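In: okay, here's the prediction I keep looking at, along with the sequence it came from:
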Amino acid sequence: MKKLVTAFKLMAVLSVLSLSSCSDENNEISKQETVQTKITTADLQKETTSISQAVPGTVQAQLDESQKSLEKYLKSDIQMAGVKVIGQISTQKGIEISKSLISDKDQYIAVGNLMDLSTVKLGRIGDLYAGDDLNIAQTGLKEMAAEEIKTGTNVMEVIWSNKNGKFTTLCFYNDSGIIWDNVLGGLIMMDTRGTVENSNTAAAKVVSKWYKEWWTANWLWGSKRGEMGYQITIYYTGSSVSNTDVNDWSNISLGKAKSESKVTKKTGAYGQCQYALGLCTPTGSLSFNASKFSVSFSGLGSNMVSNGYKSLYP
C-alpha cells in the first residue's frame with residue numbers, strides 16, 4: 001500500500017513539473033515573439049512631425065543627378081520610381097528607430113563603385129553579408145546614423161524598381177542636401193586609374209621635383225565625397241638626390257579612411273617612397289598592417305585600396 005501511495009505522489013510531482021515546464025516554455029515563446037516584433041516605417045512616422053511632400057531644391061537636384069548616374073552605368077538594372085516624405089524626426093526614439101531600420105538585415109543596400117561594375121552589389125543586408133561581415137556592416141551603419149541623424153532631420157522613402165520588382169530605402173536629408181540613403185550613400189563613383197600631377201607641369205624650383213597621385217570618390221550626384229593620395233618630393237643637385245620627403249592623406253564623408261607613407265630611399269641616384277591608402281563606406285572596415293606596410297579592406301562595401309612604391313629621379 002505504501003508503494004502505491006508513493007507512486008501516486010511521484011506521478012503528482014511529475015505532473016506539476018511538466019505543467020511548470022510547459023508554462024515556462026510558453027512564457028519564453030511569448031517573450032521571443034515580443035522581442036522579434038518588427039520595427040517599421042510606421043513606427044518611425046509616429047516619431048516625426050509633418051512636413052511638405054515637396055523636397056528641397058538641392059535634394060531634388062541630387063536625386064535627379066543620381067538617377068542619371070545610375071542610368072549611365074547600370075542602364076535599366078535599377079531605377080528610382082518615386083519618393084514619399086515621412087516627416088521630420090522629432091524625438092530621440094525616432095533616431096533610435098532610424099538606426100535600427102537602416103541596419104536591419106531585411107533592408108536593401110547597394111555597395112560598390114559605379115565606375116567598376118564588377119564591384120557593384122544590390123540586395124538585402126542579410127543576403128549580402130554574413131557572420132563578421134554582417135556585424136561590421138550593421139555596426140558601421142548604426143555608428144554613422146548616430147553621428148549624422150539628429151532631431152530635425154527629414155526622412156523620406158525612396159521607391160526603387162529593378163528586374164525583381166520594387167523595394168524602398170530610407171533617405172535622410174535636410175535643406176542642404178541628402179545625408180544618407182542605403183543605395184545613394186552605399187555606392188560611390190571613383191576612377192580606379194587615379195590622377196597624376198608632377199612638377200614638370202607646374203612651377204617648381206630647379207633643385208626640387210615632386211610627383212603627386214590621388215584618387216577621388218564622388219557621390220552619385222557628382223559632388224566630391226572623399227580623396228586619398230600621396231606626394232613624393234626629391235631635392236637634388238645635378239643627378240644626385242640629397243633628400244626625399246613624402247606626405248599622404250585620405251578622407252571620406254560618411255565612411256572610413258586610412259593613409260600611411262614612408263621614405264624607403266632618401267638619397268643617391270633617386271628617391272623612393274612607399275604608400276598605403278584606403279577609404280570605404282560605413283559597411284566596411286580598413287586596417288593597417290605595419291609589418292607589411294599595407295592597408296587592407298574587410299567586409300562588403302564600396303572601397304578603394306592602393307598599396308605601392310614610387311621612385312622619382314632628378
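Out: Yep, that arrived.

In: going forward, measure contacts and count neighbours with C-alpha atoms only.
Out: Noted.

In: can you pull out the strands in the stretch 201-314 of the chain?
Out: Along the stretch 201-314 of the chain, counting by DSSP state E, counting those that start in this stretch, strands occupy 208-218, 224-237, 240-252, 256-265, 271-280, 284-289, 294-299, 303-312.

In: cool, and the stretch 1-150 of the chain?
Out: Applying DSSP E, counting those that start in this stretch to the stretch 1-150 of the chain gives strands spanning 48-49, 78-89, 108-113, 116-124.

In: check the average confidence over the first one, would you?
Out: When you say that, I think you mean strand 48-49. Across strand 48-49, pLDDT averages out at 96.

In: please identify the most buried of the strands of the stretch 1-150 of the chain.
Out: Mean neighbours per residue, mean count of other C-alpha atoms under 10 Å, is largest over those for strand 108-113, with a mean of 24.

In: that one pairs with which strands, and in what direction?
Out: strand 116-124 (antiparallel), strand 187-190 (parallel) (DSSP bridges).

In: okay, these in CSV with distance to residue 229 next?
Out: Below are those laid out as CSV (distance: least, C-alpha to C-alpha, whole Å):
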stretch, distance to residue 229
strand 116-124, 19
strand 187-190, 13
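
In: how about those strands in a markdown table, adding distance to residue 278 and mean pLDDT?
Out: Shown next, in a markdown table, are these (distance: least, C-alpha to C-alpha, whole Å; pLDDT from 0 to 100):
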| stretch | distance to residue 278 | mean pLDDT |
| --- | --- | --- |
| strand 116-124 | 16 | 93 |
| strand 187-190 | 13 | 94 |
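
In: which of those strands sits closest to residue 296?
Out: Among the strands paired with strand 108-113, the nearest to residue 296 by C-alpha to C-alpha is strand 116-124 (16.0 Å).

In: which residues are in contact with the closest one?
Out: Contact with strand 116-124 is made by 73-74, 105-114, 128, 187, 192, 302, as judged by C-alpha atoms under 8 Å, 6 or more residues apart in numbering.

In: quick check: which of those residues has the minimum pLDDT.
Out: residue 192 (86).
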